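# mind looking at a prediction? Sequence and model below.
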Amino acid sequence: AGLDVARGRDRYLVGFAGTMRDATAIGRRRRVPVLHALQPNQYVDGSKPFTAEEEERFRGNAPIRRFVAAGWPKLRATWASASADGLDAVDLTEVFSGTPETVYGDDCCHLNDVGNRLLAERLVEEIRARPEFVAGIASPGARPERLRAGGGDAEKAATPPVQEKPGNGSVDTSELRSER
């Protein structure tokens with residue numbers, strides 16, 4: 001029997017969406033913000049103008065290019081759905097769309113130092129754009145114990161508790177839907 005890559009990828013995405021919800025629920029229960037960031041990928045059309053170095057490096061990697069081309073739209077849809085459901089999820093697929101420098105360090109998806117720096121700068125922007133993230137982490141005198149369950153009254157009021165579902169060890173994520 002042959003391997004059904006498309007079916008396996010679809011099953012993975014369903015499970016991954018659940019993992020995103022669970023991670024957010026656990027973070028909220030512990031009053032730790034969670035940001036889900038979809039990394040950029042050079043095989044997504046229009047995501048980056050290639051340098052000559054990148055063009056040479058990526059030319060021979062047709063299997064990965066086909067895999068990404070088929071799956072990335074579904075991955076992006078997973079991120080959009082998570083964001084619509086109230087999770088802090090940002091799609092950084094096109095973060096390098098205007099970057100002329102070489103940012104990829106191999107023919108898969110790993111970044112070089114320039115790419116890591118640019119991605120980190122964008123992540124910092126995303127975090128700073130979310131006051132609830134910065135308030136508990138960057139405030140003077142912030143201590144890790146203030147970010148855990150049982151922290152101060154302000155944290156309790158700002159973040160609703162998450163109830164664990166009995167029996168299966170997963171968490172109830174029904175309260176994650178928010179009006180944005």
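Perfect, I can see it now.

# where do the helices sit along this structure?
5-29, 52-58, 62-84, 113-128, 131-138, 144-147, 153-158 (DSSP state H).

# nearest to Leu38, out of those?
helix 62-84 (4.8 Å; Cβ to Cβ). Placement of C-beta: from N, CA and C, glycine included.

# tilt between the closest one and helix 5-29?
40 degrees (axes from the mean of the first three to the mean of the last three Cα atoms, to 10 degrees).

# what's the model's confidence in stretch 120-127, averaged?
Stretch 120-127 comes out with an average pLDDT of 95.

# what sits up against that stretch?
Residues from elsewhere that reach stretch 120-127 (Cβ atoms under 8 Å, 6 or more residues apart in numbering): 35, 37, 90, 92, 95, 133-134.

# pipe those residues into TSV and attach distance to Gly46, neighbour count and pLDDT per row.
Putting those into TSV (distance: Cβ to Cβ, whole Å; neighbours: other Cβ atoms under 10 Å; pLDDT from 0 to 100) gives the following:
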residue	distance to Gly46	neighbour count	pLDDT
Leu35	24	15	95
Ala37	19	17	96
Val90	18	21	95
Leu92	14	17	96
Val95	12	22	96
Phe133	29	17	84
Val134	32	14	79
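
# now for those: which two are most distant?
Farthest apart among those - using Cβ to Cβ - are Val95 and Val134, which lie 20.6 Å from each other.

# follow-up on the earlier one: distance to Tyr43 added to the helices of the chain, as CSV?
Shown next, in CSV, are these (distance: least, Cβ to Cβ, whole Å):
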stretch, distance to Tyr43
helix 5-29, 14
helix 52-58, 7
helix 62-84, 4
helix 113-128, 15
helix 131-138, 30
helix 144-147, 37
helix 153-158, 40
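
# low-confidence ranges, this structure, go.
The model of the chain has pLDDT under 70 over residues 1-3, 136-180.

# inside strands: which ones of the contacts of stretch 120-127?
37, 90 (DSSP state E).

# closest one of the contacts of stretch 120-127 to Glu53?
Val95 (18.9 Å).

# hmm, back to that, quick one: which of the contacts of stretch 120-127 is nearest Leu118?
Val95 (7.0 Å).

# residues in contact with Glu53?
Per Cβ under 8 Å, 6+ apart, neighbours of Glu53: Thr102.

# state the distance from it to Asp107.
11 Å (Cβ to Cβ, to the nearest Å).

# thank you kindly, that will do.
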